[in-house]
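> here you go, sequence then predicted model.
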Amino acid sequence: MKRSRRYMIPSTSTLRSLERYSPIATKSWSRSAGACLQQYGSRVICKESESVVALKIVNNNAGCISHKREIKEHSSATDPSHHSQSVIPTLLDFFEVKGPEGSYPCLVYPPMRESLSMYQQHFNDRKVPLPLIKTYIRALLTGLNYLHKVCRAVHTDLKLENIMISFKDPTVLADFMNSQLAKPIAFKINSAGQSVYQSCNDFGPLKSLGSIPQLVDFGLAARLKEDNNRGVWPIQPDHYRAPEVILGNGWQIPADISNLGVLLWDMIEGKELFQHIHDQVGRYDTRQHITKIIALLGRPPPEVIQRYQYIQEYSWPKPVRREDGRVCETAEEYFCEPFFNEKGCFLYKNLIPNHNLSDTVSFLGGEEKEMFLDLAKGMLVWHPDARKSAGELAGHPFLQPKQTSA
C-alpha cells in the first residue's frame with residue numbers, strides 16, 4: 001500500500017507517537033453498531049504542511065477498517081469530478097500506528113465544524129431555518145444519488161451524527177486555532193502514560209449559513225455489485241430502520257431512502273418520527289415500532305407479507321450477535337417477534353395507535369405541509385421498489401428554492 005510521506009508514521013511507533021501532529025481540538029469517543037470504536041474529527045495541525053486536518057482513529061478491527069477504506073476509496077476514485085461528490089468528504093490519507101494492543105488505523109479528512117445534531121443547537125427549538133434545511137436535504141439526496149448510482153453502495157447508518165457541517169467561513173477555524181494555540185488544550189496523563197485531551201467543540205456563534213452538509217462514517221456501508229444483491233443482516237439505527245430490515249425481507253439501496261425519510265422529521269420538526277420504541281430498560285421494541293409504522297403507512301401490501309412468510313423458512317448465511325450477546329440466525333430471532341400469522345394477519349392490531357402521517361407535522365402548514373408530506377410519501381413506503389430514487393427526490397418541488405419576483 002502506498003502511503004503519503006506527509007502523514008506516514010513509523011511502524012514501531014505507539015499511539016503517543018502522533019507527535020507530528022499538534023492537537024487543537026478533540027471530540028469524544030463513540031461506539032457504532034458495528035463495534036467500530038471511532039473518533040471523528042480530532043483536529044490537528046500537520047507540522048510539515050501546517051494544514052489543519054481531522055484524524056479519525058478506529059479501534060483495532062481489521063475487518064471494519066478494510067471495509068471502510070474499500071467504500072471510501074471506491075467512492076473517491078469512481079468519478080472524482082462528479083458534482084455530487086462534494087457531499088462525501090475526501091479521504092486524504094490513511095496510516096497505522098502501533099499501540100499496546102495492536103495496530104490502530106487512522107484516517108485523515110478535511111476538518112469539519114460539527115454534526116448536524118450539534119449544529120441544530122445554534123437555533124431556537126433546534127429548528128434550522130426552513131430554506132437552509134431544504135438546501136441540506138437536497139444536497140444529501142444528491143450525495144446519496146452519487147453513492148447509490150455511481151458507487152453502488154448503501155450507507156446503512158444515516159443519522160444526524162453522521163451528517164457533518166463544513167466550515168463555510170475559514171476565519172472561524174483560524175480564530176479557533178489561534179485561541180487554542182494561545183491557550184493550549186487541557187489534557188491529563190492516564191495510567192498507561194498516554195495524553196488524554198479534553199473534548200472541545202465550541203466554535204462560537206455562526207458567522208454564516210452557507211455551510212455544506214457532508215455524509216460521513218462509511219464503516220457500516222455495503223456495496224451491492226449486482227442489481228439482485230440483497231443484504232439480510234440487521235442495519236440502521238433503531239428509530240430509522242426500514243420496514244424490510246425489521247421484517248427480514250432483505251434490503252437494497254431503497255433502505256437508505258426510507259432511513260432518510262424518517263430522518264426528515266429530526267431535521268425539520270426537531271423530533272423523531274417514531275417515538276417510544278424502546279421498553280422501560282431501553283431495549284429496542286420492534287413490536288412497538290412496527291405498529292407505529294402501520295399507523296403511518298397503512299397495512300403492508302400482500303407481496304411484502306408474502307416475502308416475509310417465504311423468508312421465514314431460511315436462515316442467514318452467517319449468524320449475527322445481538323447487543324445482549326445472543327447469537328441469532330434469523331430476523332425473527334434477532335428482533336424477538338413474529339409479526340404475521342400464516343394467513344398474513346398482523347398479530348398485534350390492538351396496539352396500532354390512532355394517528356396518521358399528517359398528525360406528526362406541526363412545524364409546517366398549508367401548501368408547504370402538503371408538499372413536504374408528498375416528498376415524505378415518496379420515501380416512506382412499505383415496498384422498497386415503490387420508493388423514489390435519491391435523484392428523483394432531489395428534484396421534488398418542496399426542496400426547490402422559491403423564485404423571488406424582480
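Yep, it's here.

> ok, how many other residues are close to residue 150?
Residue neighbour count, defined by other C-beta atoms under 10 Å, stands at 15 for residue 150. (Glycine included, C-beta is placed from N, CA and C.)

> and the gap between it and residue 270?
Noted for residue 150: a distance of 32 Å to residue 270, by C-beta to C-beta, to the nearest Å.

> do the same with residue 327
As judged by C-beta to C-beta, residue 327 and residue 270 stand 38 Å apart.

> so these two - more neighbours on which side?
Between residue 327 and residue 270, counted using other C-beta under 10 Å, the more crowded position is residue 270 (16 against 10).

> distance of the nearest residue to the more buried one once chain neighbours are set aside from residue 165?
Among residues not flanking residue 270 along the chain, residue 126 sits closest, at 4.3 Å (C-beta to C-beta, 6 or more residues apart in numbering). Applying C-beta to C-beta, the value for residue 126 to residue 165 is 14 Å.

> same deal with residue 261?
Residue 261 is 21 Å from residue 165, by C-beta to C-beta.

> and for residue 345?
Distance of residue 345 to residue 165, computed by C-beta to C-beta: 46 Å.

> looking at these two, which is more packed in?
Shown here are residue 345 and residue 165; by other C-beta under 10 Å, residue 165 has more neighbours (21 against 11).

> that one contacts residue 216, correct?
No. Counting by C-beta atoms under 8 Å, residue 165 does not reach residue 216; the two are 10.7 Å apart.

> hey, what's in contact with both of these two?
Listed as contacting both residue 165 and residue 216 by C-beta atoms under 8 Å, 6 or more residues apart in numbering are residue 112.

> and residue 141, what helix or strand is that in?
Taking DSSP states H and E as the definition, one finds residue 141 inside helix 130-145.

> now for that helix, which elements pack on it?
Other helices and strands packing on helix 130-145, by 3 or more C-beta pairs under 8 Å, 6 or more residues apart in numbering; DSSP states H and E, are strand 213-215, helix 254-268, helix 390-394.

> run through who's touching that helix.
Helix 130-145 is contacted by residues 83-88, 116, 128, 155, 163, 209, 212-215, 256-257, 260, 264, 267-268, 364, 368, 389-391, 393-394, 398-402 when judged by C-beta under 8 Å, 6+ apart.

> could you tell me which of the residues you listed count as buried?
With burial judged by 16 or more other C-beta atoms under 10 Å, the buried subset of those is 84-88, 116, 128, 155, 163, 212-215, 256-257, 260, 264, 267-268, 364, 389-390, 393-394, 398-399.
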